[in-house]
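> the following comprises the amino acid sequence and a computationally predicted model.
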Amino acid sequence: MTGDLRLPGLLAHPDWAAVTTLGGPAPDGAGIERVVTVADLHADPGDARAALLTVAVSAPREDWHLDVLLRRAVAAGAAAVLLAGDDPLHPASRLLAGRIGLPVLGAPDALAAALTATRLLQEPDQVVAALVGRTATVCGVPHGGVDDLVADLARTWRRPVWLLDPGGSVVAGADATGSRTPPPVPGAALLEVAFGSGPPDGRLAVAEPEGVPAETAALRAALAVAANSVRQRLAEQRLAVERDARLRTALLAEILQAGDPVPGGLRRRALDAGWSLDGWHAGLRIDVPSSVDVVAAREQVLRAVETARLRAVVVEQGPGWSAWTTFDHQPTAGELQQHATAARRTQWLLRESLPTSTGVGRVHRGAGGLARTLGEAGDAARLAAERTTSGRFVHVDRLGLGALLLAWTRTDTFLPAARSMLEPLQGRPGDLLTTLTAYLDAESSLTETAAVLGVHRNTVATRIERVRHVLGVDLADPDERLALHLACRSVLFHS
Amino acid sequence: MEVTAGDVDALVTGVLLLGSGGGGDARVYAHVLRSVLAAGPVRLHSPAELGDAPVLPVGMLGGTRVLGEKLPSGDELPAAVRALVRWTGVTPAAVMPFEAAGLNGVLPLPLAHQLGLPLVDADLMGRALPRVDQLTRVVAGGAVTPMALAEPAGQTVVVDGGDPVSTELTVRAFVAQAGGWAGAVMAPAPAAAALGDACLGTLGRALGLGRAHAGLGDTPAPARVADALGGHPVGGGRVVDVRRSPVGRFGRAAVTVDAPGAGVLRIEAENEYLLVLADGEPVAASPEVIVLLDRRSAAPIAADAVRSGDDVLVLVLPAPPWWAARPDAAVHVGPQAFGLGPAAAAPRPVRPAPAAEPPAPHAARSACTAAGTGQEARR
């Protein structure tokens, strides 16, 4: 007898899922030391100190003998009464249970619930053995990734299981949302085990059942068993990922070198990889600092690409990723706009975890076109690294005009004029100059501006309204807009 | 001992209290009583005074509530008496209630007046009970057949022979056909027999209770009520739930009272209140007389009238002495006799019942003993 079994812990136990509280006070931390089972309501519980008193045979709830039994149970020192069936209590019984402070529980199969409690109390070793055995079976399945394993463990343990990185962020398991801490289960601590050797790679964590010592011991043992498998799966997965990455990188390099027409063998390998070389390609280049492990971070990029609804092939290449979207027809302006927005959203989604500069190439056709668009995207990404105002995002389509304007505004006459024109915006809250510039850069699109600046579109709208008011300009007038745009560009680039 | 016109209210309240929540509402008969008693008082005779003179137990059977819908003709009991006299050839010398509680406690007074016969202060229940097999005379081994019944429209039947159970079934069938109730007169028995197989002085007890009750005034303290009525206060509080279910013979009701100080009171009832649990502990059980009083007016509340939200005082009056003296009383009239299972009520000091008049003049109020006949029923 461990003596530390607590009623709330029991109620939270998966085997007790069908047990409901019918009356009495909310189960507190009262300890349960044994299980006493009586046949029916007429039974005398005898000595039931700190016991879970189980009534095996179901009786109509209106039978007043239930009240007598509750009273006797309290007198005998019972911690709680478990009744057969989950029908609600008679009002008198409910009132009585509350008054005498006795939790009354109900379960469709009260005997099974009592048996669970008995096992947890009397045979903790068996509980440990059973769980470890089931865990070993799950871990012994030879295929599947780490995510599958974590999901299997959660199913086997019937509790949320998480894989945490060294920083404590959830990387797999229940609701792997990438949040910093495990989704907290109310009132539950975590049982953790490091699965890396040497400096911790990460930890496998499970919500600790509170007040069920046998279950805690079982989970501890099971965690130790599972950690090995997790380590092994991670290693296998890493190996596979790296091999795939190398294959992809090499294949892309070969295709880019080969140019049109692509040799048959290469075409076949591209097909195997699921790449379509025909059609129109729009390239995307995501550059990251060389310190980033692009193989390991690929998952994040894929997630961002998927979330942004960008249907793109992503390939590790140098310090970053080359990606492209293939259209089977010449994309319309609307589709291209959608593509650009999705690309920008991808970068926005990555902003927290990865410092990226992103470039988007124009649409080109065929395998040669793929090389061209990726080249353009690469150039744009390099240019984007310098451009903070555009959120380190450059679309090649807009590159020519930008260069032209910049060259022109470098004249000495224009700059002072521009400065005085934008003077009223200085020193006002809300970074009006940057907002205006971004807004005009983004073709007067509030949504796009909001994405660039990382603020809500309503904020942009308010700021633009203030700019309009302060400067007294009509942004709908093409002449004024042009002048303003040039002034902004010139002031920002020369300040 | 005499009952005068001034005693009507006390008598009515007294028989209601002995109804233990059932027995029917005697108040509907108060005016009849007044007009009868205006002509002169009715004397309550002790059976001992009448020797071997044949006495008829009388009353009504069926649903007392139906009385308000199916009005009496006034001739039911006389018609039943006539029928029984023709069948048995015995001329009655006196009448007595077979149930001196509820409506049946007052019905014999007008009848005695009507027939010009003496009224015996004895009955076959000592309180309200629902079934023929619960008559003291039946329990004591006596017979209550032949029995005559007459319904308001004039139809009359005589039931003779058969065991108590078949009599009960036959009687119920007739009552149902008659539209809910019928006047009933049971087999005549010598007055002296009542000394052994009937409860003596129940009407006197009712009168005493009623008089004590009349002196309570508004919102009396529970202890005072208990003292005055010679009972034991279980507790008082708000009725939080009344749950009625169609189980049992007459439908079951469970009344839950949240009584500060006394705990959670649960009163199990059928036609009458049968069992009281305080915090899961049985504290009173039939044949003890369990009454629920309105806390403000101290008026008794019937089992079929109690509602959620009523502010009640739960009081236990001692069981009729005839039953109290009988070791097998619980089998016949205890909770198990109503399918509620045996209940051992917690032992409690029994207080003496209040005197009917300052010094009680009338006969034996203590235990009666066995030697009887019969059957009955109600509702």
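Arrived safely, thanks for sending.

> where do the helices of chain B begin and end?
Taking DSSP state H as the test, the helices found in chain B are B:8-18, B:30-38, B:47-50, B:76-88, B:103-106, B:108-115, B:136-139, B:164-177, B:194-197, B:202-214, B:222-229, B:321-324, B:329-333.

> single out the most deeply packed of the ones you listed.
Across those, the average number of neighbours (mean count of other Cβ atoms under 10 Å in any protein chain shown) peaks for helix B:103-106, which reaches a mean of 29. From N, CA and C alone the C-beta is placed, and that goes for glycine too.

> what residues does the stretch 51-200 of chain A have near chain B?
Residues of the stretch 51-200 of chain A found near chain B (Cβ under 8 Å from any Cβ of the partner chain) are A:62-65, A:67-72, A:90-92, A:95-96, A:99-100.

> what does the stretch 251-379 of chain B put close to chain A?
Taking Cβ under 8 Å from any Cβ as the criterion, the stretch 251-379 of chain B approaches chain A at residues B:252, B:254, B:256, B:258, B:263-264, B:266, B:268, B:275, B:277, B:279-282, B:340-341.

> farthest-separated two in these?
Set against one another by Cβ to Cβ, these have their most distant pair in B:258 and B:341, with a gap of 24.3 Å.

> if we can go back for a sec, got the helices of chain B as TSV, with mean pLDDT and distance to residue A:307 columns?
Formatted as TSV, those follow (pLDDT from 0 to 100; distance: least, Cβ to Cβ, whole Å):
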stretch	mean pLDDT	distance to residue A:307
helix B:8-18	92	78
helix B:30-38	89	85
helix B:47-50	89	98
helix B:76-88	92	89
helix B:103-106	90	81
helix B:108-115	90	92
helix B:136-139	90	85
helix B:164-177	88	76
helix B:194-197	89	93
helix B:202-214	91	81
helix B:222-229	88	72
helix B:321-324	90	82
helix B:329-333	85	76
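
> redo the ones you listed as JSON lines? Include distance to residue A:85.
Listed next are these as JSON lines, based on distance: least, Cβ to Cβ, whole Å:
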{"stretch": "helix B:8-18", "distance to residue A:85": "40"}
{"stretch": "helix B:30-38", "distance to residue A:85": "49"}
{"stretch": "helix B:47-50", "distance to residue A:85": "54"}
{"stretch": "helix B:76-88", "distance to residue A:85": "49"}
{"stretch": "helix B:103-106", "distance to residue A:85": "41"}
{"stretch": "helix B:108-115", "distance to residue A:85": "50"}
{"stretch": "helix B:136-139", "distance to residue A:85": "38"}
{"stretch": "helix B:164-177", "distance to residue A:85": "35"}
{"stretch": "helix B:194-197", "distance to residue A:85": "46"}
{"stretch": "helix B:202-214", "distance to residue A:85": "44"}
{"stretch": "helix B:222-229", "distance to residue A:85": "38"}
{"stretch": "helix B:321-324", "distance to residue A:85": "37"}
{"stretch": "helix B:329-333", "distance to residue A:85": "30"}
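
> out of those helices, which is closest to residue A:219?
Residue A:219 sits nearest to helix B:329-333 of all the helices of chain B, at 55.5 Å, using Cβ to Cβ.

> quick one: distance of that closest one to the chain centre.
Helix B:329-333 has its C-alpha centroid displaced from the chain centroid by 16 Å (Cα atoms, centre = their mean, to the nearest Å).

> show me what contacts residue A:325?
The contact partners of residue A:325, taken as Cβ atoms under 8 Å, 6 or more residues apart in numbering or on different chains, are A:281, A:282, A:284, A:310, A:311, A:312, A:313, A:339.

> tell me the secondary structure for residue A:325?
The three-state label given to residue A:325 by DSSP: H, G, I helix; E, B strand; the rest coil is strand.

> wait, which of the helices of chain B is closest to residue A:163?
For the helices of chain B, distance to residue A:163 was read as Cβ to Cβ. The smallest value, 67.1 Å, belongs to helix B:222-229.

> how many neighbouring residues does the closest residue to chain A within chain B have?
Among all residues of chain B, residue B:280 sits closest to chain A, at 2.8 Å; criterion: Cβ to the nearest Cβ. Residue B:280 is surrounded by 27 other residues when neighbours are defined as other Cβ atoms under 10 Å in any protein chain shown.

> swap in the one 4 residues further on?
By the other Cβ under 10 Å criterion, the neighbourhood of residue B:284 contains 26 residues.

> ok, residue A:109 next?
Count around residue A:109 with other Cβ under 10 Å applied: 13.

> that one reaches residue A:17, doesn't it?
No: with contacts defined as Cβ atoms under 8 Å, residue A:109 does not count as touching residue A:17, sitting 11.4 Å away.

> what pLDDT, on average, does stretch A:372-380 get?
Across stretch A:372-380, pLDDT averages out at 84.

> now, of the residues of the stretch 251-379 of chain B next to chain A, which are buried?
Among these, the ones that count as buried by 16 or more other Cβ atoms under 10 Å in any protein chain shown are B:252, B:254, B:256, B:258, B:263-264, B:266, B:268, B:275, B:277, B:279-280, B:282, B:340-341.

> go through those residues and flag which are in strands.
Among these, the members found in strands (DSSP state E) are B:252, B:254, B:256, B:258, B:263, B:264, B:266, B:268, B:275, B:277, B:282.

> among the residues you listed, which one lies nearest to residue B:226?
Using Cβ to Cβ, residue B:263 is the member of those that sits closest to residue B:226, with 17.4 Å.

> so who does the closest one touch?
When contacts are taken as Cβ under 8 Å, 6+ apart, residue B:263 is in contact with A:96, A:99, B:235, B:278, B:279.
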